[in-house]
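Visitor: need a 3D model of the following:
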Amino acid sequence: MANKKSKKNINQFKEALFSNTSFLKNADVPEKKEKKTEIVNESVIDNEVREKFRLLANFENIDEKELINKALNHYLKLKGLQLEQALKNK
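Guide: The predicted structure follows:
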């Protein structure tokens, strides 16, 4: 019987291209590095604001840290022009 080749999916090809490895010769797919994020020091957030995030996170059934991250990303999108100017002046 002929050798049966395993089919590769698009994510495996992407990982191979981004890792600068020879995909056809390398049977193992490179491991993804997991991002480790830390929340801003909790003492920075006012207790009243923190409680509002906690309530909203429970209401939306998501993690409080995830909600805070979404809120910060949204804020940065709103401040996009100023952020671009700050990056240029860096």
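Visitor: count the residues that sit near I68.
Guide: A total of 20 residues lie near I68 under the criterion other CB atoms under 10 Å. Placement of C-beta: from N, CA and C, glycine included.
Visitor: er, K70 actually
Guide: The local packing of K70 (other CB under 10 Å) involves 13 other residues.
Visitor: which stretches of this structure aren't confidently modelled?
Guide: Across the chain, the ranges flagged by pLDDT under 70 are 1-8, 16-42.
Visitor: nearest spatial neighbour of D63, skipping sequence neighbours?
Guide: In space, and not counting its chain neighbours, D63 is closest to A57: 6.5 Å by CB to CB, 6 or more residues apart in numbering.
Visitor: past the helix or strand hosting the one you found, which element shows up next along the chain?
Guide: Taking DSSP states H and E as the criterion, A57 maps to helix 47-60. Remark: after helix 47-60, the chain's next helix or strand is helix 64-78, criterion DSSP H and E.
Visitor: okay, angle between that next one and helix 47-60 too, please.
Guide: Angle between the axes of helix 64-78 and helix 47-60 is 100 degrees (criterion: axes from the mean of the first three to the mean of the last three CA atoms, to 10 degrees).
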